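Q: one predicted model, sequence on top.
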Amino acid sequence: MKKLLILLFLTTATFAKAQDLYSVETKVPYQSVFLEVGGAGLPYSFNYDFRFDRSRMDSWGMRLGFGGYTTDGDSFFSLPIMVNKLYGKGPHYFELGFGATLFAFDEYSYSYCANGFFDSNGQYICTSTVQETSSYNYILDVDGSPSVMGTMNFGYRRVPVDGGFTWRVALTPIFNNNGFWPLYAGFGFGYAF
């Protein structure tokens with residue numbers, strides 16, 4: 001009876017161990033955070049990218065980001081949102097994506113003297129002033145703030161099979177109601193997990 005119980009225990013333990021080995025899946029680094037210069041965030045952006053299918057890298061995913069800057073008298077904020085698909089096998093992937101970048105910037109008005117003359121005391125007298133509003137153009141003309149820029153993405157993404165340092169380079173055509181610019185590009189690097 002003891003031999004039968006020991007044999008039954010060993011068989012069960014071996015079967016359970018085999019099941020554990022069979023059910024162990026390799027962890028796919030389906031998420032990443034990265035900084036991108038150029039690209040969909042326009043000047044630059046911090047981004048979070050994830051795959052909808054957590055078990056496959058070569059699947060559809062989404063990226064959300066934000067970027068911007070403030071300088072003396074000037075500020076800009078961008079919010080890139082893209083859906084993308086990866087093609088290939090780790091660590092090399094072709095990325096195809098499309099989306100939109102919402103952005104806002106400071107618009108300010110200023111005036112200057114268009115015509116004038118110096119009086120007999122040497123003081124300048126302005127006879128007509130011109131009032132203008134600043135406009136922001138990022139490669140393409142922009143109608144005002146806030147605004148939207150359409151984006152596409154055709155690029156290479158390197159994602160290590162076990163996660164870690166990742167980088168990307170892409171051609172990112174941009175467009176809006178004022179035109180289309182096909183030769184815009186971006187470079188990004190970050191961490192996949």
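A: Received the coordinates, thanks. Model, not experiment: these values are computed from the prediction.
Q: the longest strand along the chain pairs with which strands?
A: Taking DSSP state E as the criterion, the chain has its longest strand at strand 74-89. Strand 74-89 pairs in its sheet with strand 60-71 (antiparallel), strand 92-105 (antiparallel), by DSSP bridges.
Q: which residue ranges form the helices in the protein?
A: Counting by DSSP state H, the chain has these helices, from start to end: 2-23.
Q: so where's it shaky on pLDDT?
A: Scanning the chain for pLDDT under 70 picks out the ranges 1-25, 107-110, 132-136.
Q: please report how far T101 lies from F117.
A: 48 Å (Cβ to Cβ, to the nearest Å). All C-beta atoms are positioned from the backbone trio N, CA, C, and that covers glycine.
Q: more neighbours: which of these two?
A: T101 (25 against 9; other Cβ atoms under 10 Å).
Q: contacts only, for that one.
A: Residues in contact with T101 (Cβ atoms under 8 Å, 6 or more residues apart in numbering) are 40-42, 78-81, 148-149, 151, 174.
Q: most neighbours among these, which one?
A: Most surrounded of these: other Cβ under 10 Å gives A40, at 32 neighbours.
Q: and for that residue, nearest residue in space, chain neighbours not counted?
A: Spatial nearest neighbour of A40, excluding adjacent residues (Cβ to Cβ, 6 or more residues apart in numbering): P80 at 3.8 Å.
Q: and what of N178?
A: D141 (4.2 Å).
Q: and the gap between the one you found and P43?
A: 17 Å.
Q: so for those two, which sits in the more crowded spot?
A: Remark: of D141 and P43, P43 carries more neighbours, 15 against 12, as counted by other Cβ under 10 Å.
Q: my read: that one touches S75, true?
A: No. P43 lies out of contact with S75 (Cβ atoms under 8 Å); the separation is 12.0 Å.
Q: which neighbours do the two share?
A: Y69.
Q: distance of F94 relative to G163?
A: Computed as Cβ to Cβ, the F94 to G163 distance reads 20 Å.
Q: what's near enough to touch the closest residue to F118 other than its chain neighbours?
A: On the basis of Cβ to Cβ, 6+ apart, the spatially nearest residue to F118 that is not a chain neighbour turns out to be Y124, at 5.6 Å. Neighbour list for Y124: 113, 116-118 [criterion: Cβ under 8 Å, 6+ apart].
Q: cool, and G179?
A: G179 is in contact with 140-141, counting by Cβ under 8 Å, 6+ apart.
Q: check P43 too.
A: 37, 67, 69, 76, 78, 138.
Q: so for the third one, what's the nearest residue that isn't a sequence neighbour?
A: If the residues on either side of it in the chain are set aside, Y69 comes closest to F76, at 5.6 Å by Cβ to Cβ, 6+ apart.
Q: show the contacting residues for the one you found.
A: Per Cβ under 8 Å, 6+ apart, neighbours of F76: 42-43, 68-70, 103-106, 136.
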